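> model the following, please.
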Amino acid sequence: MLDPEGDRMHIPRMPGGSRIVLCSWLAVGCVTRETSNAGQNPDQSLELPIIDQTHWHTYPVSEDPLPQHQPAQLDCSPAGYYLTPSIVPELELDTAYCNYSLLSTDAVQSLAPGAQLRFALRHFELLADEPAQAHVALFFGDALVWETYIDIPAPAQVAEFSFRIQRALAKGDPVRLHLHNHGQNTWVIGKLTSTR
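Residues are numbered from 1 along each chain as shown. Purely as a prediction, here's the structure:
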């Protein structure tokens, strides 16, 4: 069960306009849909990390900004969230062991309203006993700054989202991840960066 007081331990490593990029993990190429301001080349922008992926931790259920989304029973053990064994660590979630994520990390830089962010998200094939939706959202503290809904079932995909924030973020403020879906599925939370 998820500890109602939150778990401040760091997640262990496993051994061993809008811009969206969608790729099938089993396919050779990617399909890209992008809108950008004329005269700007987004690939030449400087990207700065907003979070440290090694510092994710759970937080108390009482602080959930979306309590109406909670399932009847929250079941989220440490086996459901861990860092991938890569040069650049990423957060991986297995909804078989964590059916509702309450994860947070602190911002490593300050952002002003209007800042452009990039968020990378990928998932394996999404399965459920009957059609459903997954919900992924990012919060600065209790304020929703980005969200998406993904229909299930769905093929494995890689996505990169670009969006502007409407509120400021101070260094050290909590950046929270909300993710839930139906069934056993695996998600990977990639970079969250600001572009300049």
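
> drop to CA atoms for contacts and neighbour counts, all remaining ones
Fine.

> okay, and the helix or strand of this structure with the least pLDDT?
strand 30-34 (a mean of 34; mean pLDDT, DSSP states H and E).

> just the residues contacting the helix or strand following it, thanks.
Following strand 30-34 in sequence order, the next helix or strand is strand 47-49 (DSSP states H and E). With C-alpha atoms under 8 Å, 6 or more residues apart in numbering as the test, strand 47-49 has contacts from 108, 109, 191, 192, 193, 194, 195, 196.

> which one of those residues is nearest to residue 96?
Among those, residue 191 lies closest to residue 96 (C-alpha to C-alpha), at 23.4 Å.

> quick check, that closest one in contact with residue 91.
No: using C-alpha atoms under 8 Å, residue 191 makes no contact with residue 91, being 9.5 Å away.

> okay, and the common contacts of these two?
Common neighbours of residue 191 and residue 91 are not found (criterion: C-alpha under 8 Å, 6+ apart).

> quick one, phi psi at residue 127?
Backbone geometry at residue 127, expressed as degrees, to the nearest 10, gives phi -130, psi 150.

> per-residue pLDDT, the nearest residue to it once chain neighbours are set aside?
Closest residue to residue 127 apart from its sequence neighbours, by C-alpha to C-alpha, 6 or more residues apart in numbering: residue 153 at 4.9 Å. pLDDT recorded at residue 153 is 84.

> what does residue 5 give?
Per-residue pLDDT puts residue 5 at 47.

> repeat for residue 59
pLDDT at residue 59 comes out at 94.

> that one reaches residue 102, doesn't it?
Yes: contact criterion C-alpha under 8 Å: residue 59 and residue 102 qualify, at 6.0 Å.

> residues contacting the nearest residue in space to residue 131 that is not next to it in sequence?
Distances taken as C-alpha to C-alpha, 6+ apart put residue 152 closest to residue 131, at 5.6 Å, once the chain neighbours are dropped. Taking C-alpha under 8 Å, 6+ apart, we find residue 152 in contact with 126, 127, 128, 131, 132, 133, 134.

> specify the beta-bridge partners of residue 152.
Under DSSP bridges, the beta-bridge partners of residue 152 are residue 132.

> could you measure from it over to residue 57?
As for residue 152, its distance to residue 57 is 27 Å (criterion: C-alpha to C-alpha, to the nearest Å).

> same question, residue 120
For residue 120, the distance to residue 57 - C-alpha to C-alpha - is 19 Å.
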